[in-house]
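> Build me a model:
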Amino acid sequence: MRALCVARHPFIAEHLGAWFGALGLDCSCTVGVADALAAAASRRPDLVICEYDLLATTPLAAWE
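Numbers count the residues shown, from 1 in each chain. Below you'll find the model as predicted:
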């Protein structure tokens, strides 16, 4: 299963990727919503793991 890990800082994004990667997910890590949308367009994830601060401040329509 492909997961996209999104955070406000590279350290947090990589931490999420390492954590969920250890559980068997194929993780890609990005910083910020703009990079996440670009990554999702080129490599469609099955799951998006997002830091709450980014998710709460971005309308869900952007992810759809």
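> all contacts plus neighbour counts: C-alpha atoms, from now on.
Will do.
> Now do the same contact list for R44.
Applying CA atoms under 8 Å, 6 or more residues apart in numbering, we find R44 in contact with R2.
> What of A56?
Neighbour list for A56: empty [criterion: CA under 8 Å, 6+ apart].
> My impression was that it belongs to a helix - is that right?
Yes: the assignment for A56 (DSSP: H, G, I helix; E, B strand; the rest coil) places it in a helix.
> so how far is R44 from it?
The spacing between A56 and R44, counted by CA to CA, to the nearest Å, is 22 Å.
> Report the buried residues of the helix or strand containing S28.
For S28, the host element (DSSP states H and E) is strand 26-31. For strand 26-31, burial by neighbour count (16 or more other CA atoms under 10 Å) applies to 26-31.
> quick one: P45 and V6 touch, right?
No: using CA atoms under 8 Å as the test, P45 is too far from V6 to be in contact (11.8 Å).
> ok, the nearest residue to C50 once chain neighbours are set aside - contacts?
With CA to CA, 6 or more residues apart in numbering as the measure, V6 is the residue that lies nearest to C50, at 4.7 Å, once sequence neighbours are left out. V6 is in contact with 13, 29-33, 36, 48-51, counting by CA under 8 Å, 6+ apart.
> Distance-wise, check V6 relative to A38.
The value you get for V6 to A38, if CA to CA is used, is 12 Å.
> do the same with Y52
Look at Y52 and A38: by CA to CA, they are 19 Å apart.
> Give the buried residues for the helix of greatest length in the chain.
In the chain, taking DSSP state H as the definition, the longest helix is helix 10-21. Neighbour counts over helix 10-21 (16+ other CA under 10 Å) mark 12-14, 16-18, 20-21 as buried.
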